[in-house]
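Asks: sequence first, predicted model second:
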Amino acid sequence: MIQLQDVHKAFGEKRVLSGFSLDVAEGETMVVIGYSGTGKSVAIKHIVGLLEPDAGRVIVDDLEVGRLRRGELYRLRERIGYVFQFAALFDSLSIGENVAMGLRKQGKLSHREVDARVHEVLELVDLPDAADRFPAELSGGMRKRVGIARAIALRPKYILYDEPTTGLDPVTSAVIDELMIRMREKLGVSAIVITHDMRSAYRVGSRIAMLYDGRVRQVGTVDEIRHTRDPVVRQFIEGKAHLDANGAAGDP
């Protein structure tokens, strides 16, 4: 289980998180939605210790992330796959080498076992023949799939997806959605998905939480969010430009 408890984070004078609290149960896909620049990516970076909260606690499987020693943090990170917004592949390395990086750094598998694992995860993301190609040879959607393959190569318990469908056309976005669902169903991983794409959120989410003004505005099932009466959440999910005098979302 992942728990963020009353997390506060500021960068200089800019306060980003102001009491952010969220529980993510094992086996579920929690989607975090919200406007650009509201701190969604900041929130999940606390889970892997890339950021430390100014106040509050981040707990993963009963371990408080901020109190872990370096070695303990590295071991925790082996349980958490991270899919970066723009895949973050190394252009000078082949796809196979990109996917194998974490495995080689871990040093637990032989060269042959690493190669077998790379082939296995590339098969899972429908890129079985991509190992010898380079990132520049792939489309944006294919690079996103490689990012997912790299994240699952260590067989993590959790996967964090940071804007996985950003910049993709609707068809390619649907492919990424299917892959996220496949990872949950085939590998049993729990996930947090950061997005502002409501079509994707409704499709992949077990529950959805909206981050607004530094904290969770509402959290609920897909159906509960679809039918919310909260005017701020409704404005966002319907893509309305403003709220009317009664607090209802409306067009300009």
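Replies: Arrived safely.
Asks: burial measure for residue 235, as a count.
Replies: 18 (other CB atoms under 10 Å). Every residue, glycine included, has its C-beta placed from N, CA and C.
Asks: read off the pLDDT value for it.
Replies: Looking at residue 235, its pLDDT is 93.
Asks: Three-state assignment for it, please.
Replies: helix (DSSP: H, G, I helix; E, B strand; the rest coil).
Asks: any idea how far residue 226 is from it?
Replies: Counting by CB to CB, to the nearest Å, the separation of residue 235 from residue 226 is 14 Å.
Asks: kindly report the same for residue 36.
Replies: 22 Å.
Asks: neighbour count for the two, which is higher?
Replies: Using other CB under 10 Å, the more surrounded residue of residue 36 and residue 226 is residue 226, with 13 against 7.
Asks: can you pull out the helices in the protein?
Replies: Assignment of helices within the chain using DSSP state H yields the ranges 40-45, 70-77, 95-106, 111-124, 140-152, 170-187, 198-204, 222-226, 231-238.
Asks: what is the fifth one packed up against?
Replies: Using 3 or more CB pairs under 8 Å, 6 or more residues apart in numbering; DSSP states H and E, the elements in contact with helix 140-152 are strand 80-83, helix 95-106, helix 111-124, strand 158-162, helix 170-187.
Asks: outside of that helix itself, which residues are in contact with it?
Replies: With contacts defined as CB atoms under 8 Å, 6 or more residues apart in numbering, helix 140-152 is touched by 81-84, 86-89, 95, 98-99, 101-102, 118, 121-122, 124-127, 130, 135, 138, 159, 164-165, 167-169, 172, 175-176, 179-180, 183, 187, 189.
Asks: that older thread, could you dump the helices and strands packed on helix 140-152 to CSV with mean neighbour count, mean pLDDT and distance to residue 147?
Replies: Formatted as CSV, those follow (neighbours: other CB atoms under 10 Å; pLDDT from 0 to 100; distance: least, CB to CB, whole Å):
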stretch, mean neighbour count, mean pLDDT, distance to residue 147
strand 80-83, 24, 91, 5
helix 95-106, 19, 91, 9
helix 111-124, 16, 93, 11
strand 158-162, 24, 94, 9
helix 170-187, 16, 89, 10
